[in-house]
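# all I have is the shape, not the residue letters:
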Ligand code: SF4
Ligand code: SF4
């Protein structure tokens, strides 16, 4: 099924597939270039065993699979049943997701330490105030000491969090006391970032943890080592090195490409290299080189979360999210696709071969055959950034003018909502937000996070869900590819307050903010944790008592599973829009959808239809309001809206 055919899959969604994507899918079809949707169609129908999570290839006595109809084998060769196999598969995915974020965090930490020692080129401590505040939080003496020395000591303390000799990670001091006590009781307080992922993998080896509940409890602990560990270190130190985001205007969609410029897309997740490329693209010598090749300058655009990092801090324009990475090349106007790691489809080199685009990999841990590899080295960051920009400029004369097809005008959007900037907008205290929630002007807040997935019509669930929530006076916070989707839909401007219900609209208009706030990249979901913890501490309650929810309507990645787990383990119920491979075990499904609530005060729900997901979330938020003694809407009064589209 093509993207265009999938467009009709959620007839109730108020959103539709963006025009720039549909235009470029048509170009791909006309040129006979396969895209992610074609490859998905070739894979369908997917294997039923794998979709249910009941296949296992963890050892060479297998592979094994459990017959979900009860007629064939009910045990693997080792004796593992469906519950154990499903739990093991899920736990492994959570370990991979956590390890990915946390390895990203370690990369940032290494460059931060080298920068603090003065051993890098192109990097600096951009936010000294945040560095000193973090050092104080971590118990490091700051008074009268050079900033670099404080930075080195902070880095050493944070490196300790990756090891195995601690009882709790440093940032768990931010967690409200009742939640910390709960984690201690459940023995899921994260102790070491690497330790939890390694132990998770150990437990899933044949013959180790054979109790699916015990296995999944450790999976929660592993995810917490991501959310309150590796990802949080990544976010906080990226702010220190590149600046803590403040509200900034930018633009989004394929219209951000310029027909007369050298266009370079920065794709992946880690801002380390892309930030120096931004500096390199401003080099007068390189701009002159671009002009000597016939271009009218150099134009940088972002993709996925590298794009989010750059937009949040520097206002760099965003070409698109995950599923746009092939389509951006169909414009015929992209000279360089510079990638770091995560969510980069190997297929991009095949698409690039059909155009003049130069694909440049930069992380030694993430090479792609067919791409040019330029190894990132922070000691020579700026020189490497210049080399990459130069290589992209050299591709410009190969552009075929007749094939250039930039399908849309860019849409303006506002980004840059760090916790610090939100509190600043509120006058330095969460009180105005708490008061608005208490009065009912704002019913609650929902984080819509995660990816785009070719199984879902592009952007429709992330946008449709946000639309229904803001209409019902629920503040929406977005990160990752969900943020890009909402930006493209025009929901992230101060003027978009007109789309919100009357209470939320009044608050947004008073503060000059959109009803859908961009909080950053996937690792920046930690900002949501920090904000939720600050609200809970302010009110003297635990996070699970707050009228909050999470949603990942179009998730695809193992990182998204880890995010969902740490959000739930932190006390925020989360609705998934894509079914995870767990339905081969009714017991695991019951544990995640019901049993978890008794343990951590939050649970998962699965609802692919964004209209129904909005109903589920609104009921949840009103129940939380009732629990806090706030005015609430009766469950029977909450229904799906009438579809607004034809
Ligand atoms: S671990 Fe058990 S279920 Fe998995 S492949 Fe080996 S024998 Fe089969
Ligand atoms: S939101 Fe998902 S698809 Fe998008 S960049 Fe993050 S992990 Fe990748």
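Yes, it's here. Note that the structure is predicted; figures quoted are calculated from it, not measured. Ligands and ions are numbered 1, 2, ... in the order given.
# what about this structure, any weak spots by pLDDT?
Along the chain, segments meeting pLDDT under 70 span 1-12, 642-646.
# residues in it within reach of ligand 1, list them.
With Cβ under 6 Å from any ligand atom as the criterion, the chain meets ligand 1 at residues 56-59, 61-64, 76-78, 80, 85, 206. Where you see a C-beta, it was placed from the backbone N, CA and C, and this is true even at glycine.
# neighbour count and distance to residue 477 added to those, as JSON lines?
Formatted as JSON lines, the residues of the chain next to ligand 1 follow (neighbours: other Cβ atoms under 10 Å; distance: Cβ to Cβ, whole Å):
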{"residue": "56", "neighbour count": "25", "distance to residue 477": "37"}
{"residue": "57", "neighbour count": "11", "distance to residue 477": "38"}
{"residue": "58", "neighbour count": "18", "distance to residue 477": "37"}
{"residue": "59", "neighbour count": "15", "distance to residue 477": "42"}
{"residue": "61", "neighbour count": "11", "distance to residue 477": "46"}
{"residue": "62", "neighbour count": "16", "distance to residue 477": "42"}
{"residue": "63", "neighbour count": "13", "distance to residue 477": "41"}
{"residue": "64", "neighbour count": "19", "distance to residue 477": "42"}
{"residue": "76", "neighbour count": "24", "distance to residue 477": "42"}
{"residue": "77", "neighbour count": "14", "distance to residue 477": "46"}
{"residue": "78", "neighbour count": "16", "distance to residue 477": "44"}
{"residue": "80", "neighbour count": "23", "distance to residue 477": "40"}
{"residue": "85", "neighbour count": "28", "distance to residue 477": "36"}
{"residue": "206", "neighbour count": "17", "distance to residue 477": "41"}
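# out of the residues you listed, which are inside strands?
Of these, the ones assigned to strands by DSSP state E are 56, 64.
# roughly how far does residue 458 sit from residue 60?
Using Cβ to Cβ, to the nearest Å, we find residue 458 at a distance of 40 Å from residue 60.
# coming back round to it: okay, and which of the residues of the chain next to ligand 1 map to helices?
Among the residues of the chain next to ligand 1, the members found in helices (DSSP state H) are residue 85.
# so which pair among the residues of the chain next to ligand 1 is furthest apart in space?
Among the residues of the chain next to ligand 1, the pair separated by the greatest distance (Cβ to Cβ) is 61 and 85, at 13.2 Å.
# now for these two: what residues contact both?
residue 76 (Cβ atoms under 8 Å, 6 or more residues apart in numbering).
# could you check how far residue 237 is from ligand 2?
Counting by Cβ to the nearest ligand atom, to the nearest Å, the separation of residue 237 from ligand 2 is 19 Å.
# re the thing from before, could the residues of the chain next to ligand 1 be laid out in TSV, adding distance to residue 166?
Putting the residues of the chain next to ligand 1 into TSV (distance: Cβ to Cβ, whole Å) gives the following:
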residue	distance to residue 166
56	33
57	34
58	29
59	32
61	37
62	36
63	38
64	37
76	36
77	38
78	34
80	33
85	32
206	30
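# which one of the residues of the chain next to ligand 1 is nearest to residue 586?
Of those, the one sitting nearest to residue 586 (Cβ to Cβ) turns out to be residue 85, at 13.4 Å.
# tell me the contacts of the residue nearest to that closest one when sequence neighbours are not counted?
Nearest residue to residue 85, sequence neighbours excluded (Cβ to Cβ, 6 or more residues apart in numbering): residue 56, at 4.7 Å. Contact partners of residue 56, counting by Cβ under 8 Å, 6+ apart, are 62-65, 76, 80, 85, 88-89.
# if anything else comes up later, I'll come back, but that's it for now.
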